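# heads up, no residue letters with this:
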């Protein structure tokens, strides 16, 4: 493990936008492919239900700012989602042009074109609602908390956001591969939420005690704390310096210059989800000579989306399927030198297939950095487990999906702490829904 | 192995022959020998030289266009006048071109002040070049009309007849009168040209228009130092207007003149339509201005292919073939019935048919939400006969057309469908919605017959369809 050896220019090029912005002519040409479907599948497939045909028609008719208003009215992080959404399984997956023309309208890139236009002018479209006198505390400034805060401000409620870190935005700012969402863009998307009057208090962690205080001091509380640290493999050697967890590997690309990021010449990523792919492709971009992804099952079972897998393949990443990590191996100086794995085989077919270890099959993958990307552990139990009425099932905080309400009065929640890990766009929707649930609650409706 | 039997595309209109029926219309592409030479080398059968007359002075800018949702130039408008080159220069070049291309049609468009001497003079000078015909420009709606020429002539039957008459006194070669569409009934002008002795008609000239307003400067387009003027509109958008007028003229028993069809031809299909509705050839301008002379290759290829496919060996077999299929509305059969039918196997679930019928027509399409699992079915087909397109990514099932857990299935209510065509017109999938003939169970009866029978008490009043 060492600091990246690439030059500043190489790093800038490597972390440049995966998909460059459309020019006006490109955007109009792409927009002209949209059929303007009735009750459009793309709109239904979007968790925030952005009126996609409407905003694309606005782009087609040279009204990108109107398009941006359409987008932001449903999704306050429309610029981030334009870049990081798995559109392949959402709006673009549903697009009927896949049948008609062999490929979907590139909705994500059009959305970016529109949101860029508004952000280039520092333009916002909404105003705070008439002050209701109600005050709502929001725990966590990730996508759910931000969306909730913005919607509450539109409805006229005061919104105080408490963020444990020294930077706002949660995983939207820190946790997405930097070539998808730049830190600059992520922070820019927060500006209008502040401008709407939401107060974001940084360095303000909330524990169970503080939460109880917030519930006393505020008329309602929204919890959008996300998840905790990455799950660790309970195998020997995990304490070695070269063994890190996924988010700790990604964060530095957002908190500091790329030139200060560390990487392994031989980097191993354990796991095969979308975050694992982010780590692997980031390692390549930071100059790793070889990157290997290790997964117990095969590509048929991996949870990374197909296009993420394609991205990884294009980056020259090596895949070790059916490999069970058994030990992080140190050299004589105590530095990580390899990941020892045991070969597995699948017994049976499909999802029911069981994994079996193959005897005497251990092998080593040389590496000086091992990134564990096995998903984050839930924290809801620790924070909320003791509150009367709150239900936490297997780490998942249970809420009414139509209002975001927990079983405790005035306590609402959304985002990864209620889903155990979903997309930014899901968190935005949950924050928005909860804000409307809170509004009803404050009006005495529930 | 079948081989295409290439049809004979040789064309003759009013005694003017050309190797194929594709002429360049009088306009910017036929402004000079340089351009006409390039056009003939590219394959055009004829060209109508840009209008000769007293040299004029042009303005800048001159053209404006409307685009249609990403496609450029659905319609083009211009405020350019007739040739701005000296008459002698034009005449010398026409003579030179005719010498180089003896078998191509070189027709010269003319427009001068409304005096017998002026017309005699220009006709004599022009036909002296050896050109094959003359076309009288009684149509330009802008600029020249303010000076008593162009459409100022072509909008008044008496002027049209009189000037045609003057021309015929001097003309020794075929004369076409070019008609303006900016009239209430083009047949009156056609009859006047016939009475004046014209050998043929060409139509339509451009349509009077303002093509748009610049939304920054608030001045019309095209603008000349912040002001504009009405101009002549042409291009693909005007074709239906031209087709109607060509058919009107071709079917008029008092006219009976050969017709050269003009107006929005850009694809071979457009040309075939003009021929079927009575034009002996077609003239093209906007499409050549947009894409250059090489488009004639696809026009010829398409016409040849269509004629081969249909078994037509010569243009004579095609020209006018559909003229008699157009008639009065009052003679259409009120008992004829068609209804729409959706092929669920082709449907992509865009819902455009539904909303068009619902908001724009007769509320005869229904939709229902079919749960995704049911739609996907067990064996690749859904209960409705749809063809689900399913993929899996990262453990997520992705179904085209599905959102929020369901797919919309659209169906025609054939009991209330009035057979208007709208759904089949908006449907983006070729062959998905078809209009199917149904036996109405009623004897054939036109409006005219209905009125007669109603008066005699032979039929009941037809009740209007139910509306929601």
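Here it is on my side, so go on. A quick note: this is a predicted structure, and the numbers were derived from the prediction, not measured.

# what's near enough to touch residue 369?
Defaulting to chain A. A:1, A:242, A:244, A:262, A:263, A:264, A:266, A:267, A:268, A:283, A:288, A:336 (CB atoms under 8 Å, 6 or more residues apart in numbering or on different chains). Using the backbone N, CA and C atoms, a C-beta is placed for each residue, glycine as well.

# You answered for a different chain; I wanted chain B.
B:406, B:407, B:408, B:409.

# ok, now residue B:371?
Per CB under 8 Å, 6+ apart, neighbours of residue B:371: B:405, B:406.

# what's the answer for residue B:462, then?
Shown in contact with residue B:462 (CB under 8 Å, 6+ apart): B:334, B:450.

# Kindly report the same for residue B:75.
Applying CB under 8 Å, 6+ apart, we find residue B:75 in contact with B:65, B:66, B:209, B:211, B:233, B:234, B:235, B:236, B:237, B:238.

# and if you look at residue A:148?
Residue A:148 makes contact with A:136, A:138, A:159, A:222, A:224, A:404, A:412, A:414, A:431-432, A:434-435, A:438, according to CB under 8 Å, 6+ apart.

# what phi and what psi does the backbone show at residue A:211?
phi -60, psi -40 (degrees, to the nearest 10).

# give me the number of residues near it?
By other CB atoms under 10 Å in any protein chain shown, the residues close to residue A:211 number 21.

# Would you mind measuring from it to residue B:16?
92 Å (CB to CB, to the nearest Å).

# Now do the SS call for the residue lying closest to residue A:64 once chain neighbours are set aside.
Counting by CB to CB, 6 or more residues apart in numbering or on different chains, residue A:64 lies nearest to residue A:117, which is 3.8 Å off, once chain neighbours are set aside. For residue A:117, the assignment made with DSSP: H, G, I helix; E, B strand; the rest coil gives helix.

# same question, residue B:130
Under three-state DSSP, residue B:130 comes out as coil.

# Just confirm it contacts residue B:96, I think it does.
No - shown here, residue B:130 and residue B:96 do not form a contact pair, counting by CB atoms under 8 Å, at 9.9 Å.

# Can you give me every residue that contacts the residue sitting furthest away from the middle of chain B?
The outermost residue of chain B, judged against the average C-alpha position, is residue B:395 (52.5 Å), by CA atoms, centre = their mean. Residue B:395 sits next to A:301, A:303 when contact means CB under 8 Å, 6+ apart.

# Next, count neighbours for residue B:107.
Close neighbours of residue B:107, defined as other CB under 10 Å, add up to 31.

# That one contacts residue B:15, doesn't it?
No - the criterion here is CB under 8 Å, and residue B:107 misses it with residue B:15 at 11.3 Å.

# Identify the contacts common to these two.
In contact with both residue B:107 and residue B:15: residue B:133, using CB under 8 Å, 6+ apart.

# near chain A, which residues of the stretch 101-250 of chain B?
By CB under 8 Å from any CB of the partner chain, no part of the stretch 101-250 of chain B sits against chain A.

# give me the residue from the stretch 301-450 of chain B nearest chain A.
In the stretch 301-450 of chain B, the residue that lies nearest chain A is residue B:403 (2.6 Å; CB to the nearest CB).

# Skipping adjacent residues, who's closest to that residue in space?
For residue B:403, the closest residue by CB to CB, 6+ apart turns out to be residue A:44, at 2.6 Å.

# sorry, back to before: in contact with the residue nearest to residue A:64, which residues?
Per CB under 8 Å, 6+ apart, neighbours of residue A:117: A:64, A:65, A:67, A:68.

# returning to what we had before: from the contacts of residue A:369, which is closest to chain B?
residue A:283 (20.4 Å).

# Could you measure from the nearest residue to that closest one once chain neighbours are set aside over to residue A:186?
The shortest distance from residue A:283 to any non-neighbouring residue, by CB to CB, 6+ apart, is to residue A:267 (4.1 Å). Relative to residue A:186, residue A:267 is positioned 24 Å away (CB to CB).

# cool, and residue B:108?
From residue B:108 to residue A:186 the distance is 69 Å (CB to CB).

# What residues sit buried inside the lengthiest helix in chain B?
The residue-count maximum for a helix in chain B (DSSP state H) belongs to helix B:295-310. Neighbour counts using 16 or more other CB atoms under 10 Å in any protein chain shown place B:295, B:296, B:299, B:300, B:302, B:303, B:304, B:306, B:307, B:308 of helix B:295-310 among the buried residues.

# Surely the second one touches residue B:21?
The reference is to residue B:296. No - Residue B:296 is beyond contact range of residue B:21, at 10.7 Å (criterion: CB under 8 Å).

# Would you mind listing where chain A has pLDDT under the threshold?
Residue ranges of chain A with pLDDT under 70: A:351, A:445-446.

# how's it carved up into domains?
Annotated domains of chain A cover A:19-120, A:135-228+A:377-445, A:243-372 [automatic domain parsing].

# would you turn these into a markdown table with distance to residue A:12?
Below are the domains of chain A laid out as a markdown table (distance: least, CB to CB, whole Å):
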| stretch | distance to residue A:12 |
| --- | --- |
| domain A:19-120 | 14 |
| domain A:135-228+A:377-445 | 11 |
| domain A:243-372 | 7 |
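
# any idea which residue sits dead centre in chain B?
Central residue of chain B (CA atoms, centre = their mean): residue B:239, 2.0 Å from the mean position.

# Specify the local secondary structure of it.
helix.

# Over to residue B:357?
Residue B:357 - assigned by three-state DSSP - is helix.

# Residue A:370 too?
Of the three states, residue A:370 takes strand under three-state DSSP.

# Adjacent strands (with direction) for the longest strand along chain A?
When chain A is parsed with DSSP state E, its longest strand is strand A:336-347. Here strand A:336-347 is paired, per DSSP bridges, with strand A:323-330 (antiparallel), strand A:354-357 (antiparallel), strand A:363-366 (antiparallel).

# Which parts of the stretch 51-200 of chain A are helices?
Remark: helices assigned in the stretch 51-200 of chain A by DSSP state H, counting those that start in this stretch are A:52-60, A:64-74, A:78-84, A:91-94, A:97-100, A:107-120, A:143-154, A:171-174, A:183-188, A:191-195.

# Of all these, which one is nearest residue A:359?
Counting by CB to CB, residue A:359 lies closest to helix A:171-174 out of the helices of the stretch 51-200 of chain A; the figure is 40.8 Å.

# can you list the residues that contact the closest one?
A:77, A:80, A:84, A:142-143, A:146, A:165, A:167, A:181, A:183, A:186-187, A:189-190, A:226, A:247, A:250-251, A:254-255, A:416, A:424.

# before we move on, the earlier item: now narrow the contacts of residue A:148 to whatever sits close to chain B.
Among the contacts of residue A:148, no residue sits close to chain B (CB under 8 Å from any CB).

# Return the member of the residues you listed nearest to chain B.
Distances from chain B to the contacts of residue A:148, taken by CB to the nearest CB, are shortest for residue A:432, at 15.9 Å.

# isn't the closest one right up against residue A:147?
Yes - contact status for residue A:432 versus residue A:147: in contact at 4.9 Å, counting by CB under 8 Å.

# for residue A:84, what are its contacts?
Contacts for residue A:84 (CB under 8 Å, 6+ apart) come out as A:172, A:176, A:180, A:181, A:423, A:424.

# Highest neighbour count among these?
Counting neighbours by other CB under 10 Å, the top entry in those is residue A:424, with 30 neighbours.

# so it touches residue A:82, yeah?
No - if you go by CB under 8 Å, residue A:424 and residue A:82 don't touch, sitting 10.5 Å apart.

# Look up the closest residue to residue 306, ignoring the ones flanking it.
Looking at chain A here, since you left the chain open. For residue A:306, ignoring the flanking residues on the chain, the nearest one in space by CB to CB, 6+ apart is residue B:393 at 4.0 Å.

# try chain B instead
Among residues not flanking residue B:306 along the chain, residue B:272 sits closest, at 5.9 Å (CB to CB, 6+ apart).
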